[in-house]
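Provide a 3D model corresponding to the input given below.
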Amino acid sequence: MPSRKVPDSDPRAVLAQLTAGAGRAARITHTEHLPPRVGRHADWPGQIRPEVVDAVRESGIERLWEHQARAAGHALRGESVIIATGTASGKSLSYLMPVLSTLVDGAAGTDRTEGASGPGDQEVQGGKGDAGGVGHRGARGSTALYLAPTKALAADQRRAVSELAAPLGTAVRPAVFDGDTPVEEREWVRVFANYVLTNPDMLHRGILPAHARWASFLRSLRYVVIDECHTYRGVFGSHVAQVIRRLRRVCARYGSDPVFLLASATAADPGEAAARLTGVPVEEVTEDTSPRGEVVFALWEPPLTELEGERGAPVRRTATAESAELLTDLAVQGVRTVAFVRSRRGAELISLIAQDRLAAVDRSLSGRVAAYRGGYLPEERRALEHSLHTGELLGLAATNALELGVDVSGLDAVLITGYPGTRASVWQQAGRAGRTGEGALAVLVARDDPLDTYLVHHPDSLFRAPVESTVLDPDNPYVLAPHLCAAASEIPLTENDSALFGDGFPDLLRQLEERRLLRRRGASWYWTLKERACDLADIRGSGGAPVQVVEDGTGRLLGTVDAGAAHSTVHEGAVHLHQGRTYVVRHLDLEDSAALVEEASPPWTTMARDTTSVSVLETDEQVPWGDARLCYGTVEVTNQVVSYLRRRLITGEVMGETKLDLPPRTLRTRAVWWTLTEDQLEAAGVEHAVLPGALHAAEHAAIGLLPLFATCDRWDIGGVSIALHPDTLLPTVFVYDGQPGGAGFAERAFRTARSWLTATRDAIAACECEAGCPSCIQSPKCGNGNEPLHKRGAVRLLTELLASAV
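Residues are numbered from 1 along each chain as shown. Predicted coordinates:
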């Protein structure tokens, strides 16, 4: 069947065609219609150079929106500012106007731009330090630094600024500097580029440790752009906050004090979050004055199947299979669509299923759907980005690597496969469609778990609730300590650095000296070891060097997996998907960080299971809820992957379990926990025989609902429940952060415990199942096979706990 385009991509018509099949309409639990919005224009700020205004007009933009002019005005006055408005509201132009104007200003005062048109076109001469002799602002001109959370976004922004600044000639010289930049181009970037686009990882490992070689660039640094800054949350955000403080410190060494320009999805208290991230006061612009077409947003619950899951529980069709089917239907209609999915494997699976279904309809369509995820080799990523930009691809199954601002204009629809963890991410992903101001369709396809089920049946929790605050804690000692070592290796530390690094600085400095990581000489502390100090900080929390996935027999490198995920994703027997091909892991070598795989086509996927124990190290706060206690503090978690399940493709039916022999791993982190007394159990009518199942069920559901109250994903947190814990000597439920030193999620749970646990109890009670199912108390990552669980006992336990909650 040839593809047929829905006229004018009317989102109502597209949705009507999706629901035309048998039983399809019943899968929609709610449809939200967001009306179109009329834009409000503003005049060009007077300080913007006329040639920059002309260049923007040449790109087709005659006038600014009010929020763009306000943000640019703050930047031009030397005030750090965050613009937190909706997707496709023109945030990029808000920071590009002052940046480009300043770069043109700088170029006007120097003649050093001749011959510096791009990497590969200029023979670089000079030795160490400021190669090429461009070591002062008069010769170099002003510079700007752009930070993106992903390589794809930096590459996309480089394309955008090159096109916009083309009329400005060599006055603006943008270049990407990341792990994919060829060695022969890096010297050109350092010496001649005046707008360098990179990521926090490269700033941390490549630029700051070699700051002497970047002296002319840093001395002239006027602006630092931090794009998609809402992604810098939890431990990753805390690490990035310290990298930015190190950047400010090095800049001060060279006499510069850059202004920070931040762009964010809609978020609560963006100015406060930006100030925590950068360490400087930040103005905020939050009112979106750009126009928007109608958005039709459907909540979609896959149907129940005839299959039975664990303990005979009813099983819904998987969100992965449902999204693959919807992506197929949309591609047949000619509707350009991105299906966002949370895992790399999910992206590959949706693409694979959609390709097979499309081949059965029209073989020419199967090649127009692909997967996009992290872990691909650079050339694979670039080819996919090109195909998306040219319109060669009709459908893409993508992880959030594509969520973050990459220009995919021209999309008609977005499928969100499972709640992505925060409302901010929901709106960020939904905003990928209709970016040209036309109507758009967004569909949230619920997974079979408590949070997704709760949301599709409580639409106000999604559409009427405010977006979350960005949680990060730069003062986390597990984060700060390695960055102090890195900072000392860049420039020796002194007591004056306390103002930059916070109240914990003096104590940590003393501890690092005692551990002989730093050595004091006079009034300064030095890094004296041979190793690179920056290697102490794993800013993305991946757990060490990435594990290379290698094809057995050929030695071909297929990609990489984060070390922290290796035990659960590339263990022996794991099914690994890459670019539509299926592989099975034959051996995981933890010492050499390599997983050997061979191509195969098993009719199943795999899912690891683990066991976890928790010990209390320190209780920081506790609140009495009657005889119950709600506590927050430091714990040590011991985790071990012990087995994996084989699940049948499409249906998710469990086919069997295989034991694994992998070493345990320990984690010192932060947790919230609550205890109940024997009298409370008796009052709740919870007998000892059902107590372990009741606690376990309450733990699962609490973890599932926490993302409504903290900016986390259920995979960012963990939990343990036990009928008699050796430290509390009482029935206890723990929920902990999955990162060393904590990420702020458990503390947020402690602060919102009454609302959080009330929503947990209500979600369990409202589920229509008899004894528990994935929509209420069963967890997809339970290491105990969801045994034991007791649904009614969990409701009675939580009701008793909340009876005296404050």
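
just the helices in the stretch 351-500 of the chain please.
Counting by DSSP state H, counting those that start in this stretch, the stretch 351-500 of the chain has helices at residues 363-366, 378-390, 423-430, 450-457, 460-463, 477-490, 498-501.

Return the distance of the second one from the chain's centre.
Translated: helix 378-390. Relative to its parent chain, helix 378-390 has a centroid offset of 21 Å by C-alpha atoms, centre = their mean, to the nearest Å.

What helices and strands are in contact with that helix?
Using 3 or more C-beta pairs under 8 Å, 6 or more residues apart in numbering; DSSP states H and E as the contact test, the elements touching helix 378-390 are helix 151-164, strand 369-372. C-beta: built from backbone N, CA, C; applies to glycine.

buried residues in that helix?
Residues of helix 378-390 classed as buried by neighbour count (16 or more other C-beta atoms under 10 Å): 380-381, 384-385, 387-389.

for the first one, same thing?
Burial within helix 363-366, assessed by neighbour count using 16+ other C-beta under 10 Å, is assigned to 365-366.

What lies in contact with that helix?
Helix 363-366 is contacted from outside by 3, 331-332, 355-356, 358-359, 394, using C-beta atoms under 8 Å, 6 or more residues apart in numbering.

for that helix, what is the average pLDDT?
Mean pLDDT, helix 363-366: 87.

So which residues of the stretch 151-300 of the chain form strands?
Secondary structure of the stretch 151-300 of the chain, counting by DSSP state E, counting those that start in this stretch: strands at 174-176, 195-198, 221-226, 259-264, 283-285, 295-300.

pLDDT wise, what is the residue nearest to the spatial centre of the chain at?
Among the residues of the chain, the one closest to the centroid is Thr231, at 5.3 Å (C-alpha atoms, centre = their mean). As predicted, Thr231 sits at a pLDDT of 86.

Just give me the closest of the buried residues of helix 378-390 to Val443.
When the buried residues of helix 378-390 are compared for distance to Val443 (C-beta to C-beta), Leu388 comes out closest, at 19.6 Å.

How many residues are close by Val52?
With neighbours defined by other C-beta atoms under 10 Å, the count for Val52 comes to 26.

Next: Pro726.
10.

Tell me the secondary structure of it, please.
What DSSP: H, G, I helix; E, B strand; the rest coil gives for Pro726 is coil.

give me every residue that touches it.
If you count contacts by C-beta under 8 Å, 6+ apart, Pro726 has them with Ser615.

For the stretch 451-600 of the chain, which residues score under the pLDDT cut-off?
Judged by pLDDT under 70, the stretch 451-600 of the chain has its weakly predicted residues at 542-544.

How about stretch 773-786, which residues are buried there?
By neighbour count on 16+ other C-beta under 10 Å, the buried set for stretch 773-786 is 773-779, 781-783, 786.

Tabulate those residues (TSV), appending pLDDT, distance to Ala22 and secondary structure.
Formatted as TSV, the buried residues of stretch 773-786 follow (pLDDT from 0 to 100; distance: C-beta to C-beta, whole Å; DSSP: H, G, I helix; E, B strand; the rest coil):
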residue	pLDDT	distance to Ala22	secondary structure
Cys773	80	24	coil
Pro774	72	24	coil
Ser775	78	23	coil
Cys776	87	28	coil
Ile777	90	31	coil
Gln778	82	28	coil
Ser779	80	32	coil
Lys781	69	34	coil
Cys782	76	34	coil
Gly783	69	39	coil
Asn786	77	32	coil
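
Among those, which pair sits farthest apart?
Checked with C-beta to C-beta, the buried residues of stretch 773-786 reach their widest spread between Ser775 and Gly783, with 20.2 Å between them.

Without its sequence neighbours, what residue ends up closest to Gly86?
Closest residue in space to Gly86, ignoring its immediate chain neighbours: Asp288 at 4.9 Å, by C-beta to C-beta, 6 or more residues apart in numbering.

right, and that neighbour touches Ile83 too?
No. Between Asp288 and Ile83 there is no contact under C-beta atoms under 8 Å: 9.4 Å.

Which one of those two is surrounded by more residues?
Comparing Asp288 with Ile83 by other C-beta under 10 Å, the one with more neighbours is Ile83, at 28 against 23.

Quick check: closest non-adjacent residue to Ser601.
Distances taken as C-beta to C-beta, 6+ apart put Thr582 closest to Ser601, at 5.5 Å, once the chain neighbours are dropped.

where does that neighbour land in three-state SS?
Recorded secondary structure, Thr582: strand (three-state DSSP).

count of neighbours near it?
Thr582: 18 surrounding residues under other C-beta under 10 Å.

Figure out how far stretch 635-643 is from the centre of its chain.
24 Å.

go on, stretch 743-754?
20 Å.

May I see the buried residues of that stretch?
With burial defined by 16+ other C-beta under 10 Å, the residues of stretch 743-754 counted as buried are 743-750, 752-753.

any residues in contact with both of Asp288 and Ile83?
His67.

The residue lying closest to Glu495 once chain neighbours are set aside - how many residues pack around it?
Leaving aside its sequence neighbours, Glu495 sits nearest to Ala523 (C-beta to C-beta, 6+ apart; 7.1 Å). If you count neighbours by other C-beta under 10 Å, Ala523 ends up with 10.

circling back to that earlier point, OK, contacts around the residue nearest to Gly86?
Per C-beta under 8 Å, 6+ apart, neighbours of Asp288: 37, 67, 85-86, 89, 266.

for Asp452, same thing?
Applying C-beta under 8 Å, 6+ apart, we find Asp452 in contact with 319, 418-419, 446, 775.

And for Leu394?
Contact analysis of Leu394 by C-beta under 8 Å, 6+ apart lists 3, 330-331, 334-337, 365, 368-369.

now for the contacts of Asp288, which pair is the farthest apart?
By the measure C-beta to C-beta, Arg37 and Thr266 form the most distant pair in the contacts of Asp288, at 13.6 Å.

who's more crowded, the two?
Using other C-beta under 10 Å, the more surrounded residue of Arg37 and Thr266 is Thr266, with 20 against 16.

what's the spacing between that one and Arg668?
35 Å (C-beta to C-beta, to the nearest Å).

circling back to that earlier point, which of the strands of the stretch 151-300 of the chain is buried the deepest?
The highest mean neighbour count among these, using mean count of other C-beta atoms under 10 Å, belongs to strand 259-264: a mean of 26.

Next, the angle strand 221-226 makes with that one.
Relative orientation of strand 259-264 versus strand 221-226 (axes from the mean of the first three to the mean of the last three C-alpha atoms, to 10 degrees): 20 degrees.

Output strand 259-264 as PDB, nothing but the C-alphas.
Extracted in PDB, the C-alpha atoms of strand 259-264 (Å, rounded to 0.1, in the frame of the first residue of the first chain):
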ATOM      1  CA  VAL A 259      28.100  36.100  31.500                       C
ATOM      2  CA  PHE A 260      26.000  32.900  31.600                       C
ATOM      3  CA  LEU A 261      23.100  32.400  29.100                       C
ATOM      4  CA  LEU A 262      21.000  29.400  29.900                       C
ATOM      5  CA  ALA A 263      18.200  27.800  28.000                       C
ATOM      6  CA  SER A 264      15.700  25.400  29.600                       C
END
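
What helices and strands are in contact with that strand?
Packing contacts for strand 259-264, counted by 3+ C-beta pairs under 8 Å, 6+ apart, involve helix 66-76, strand 81-84, helix 91-108, strand 221-226, helix 270-278.

hey, which of the ones you listed is tucked in deepest?
Of those, strand 81-84 is the most buried (mean count of other C-beta under 10 Å), at a mean of 28.
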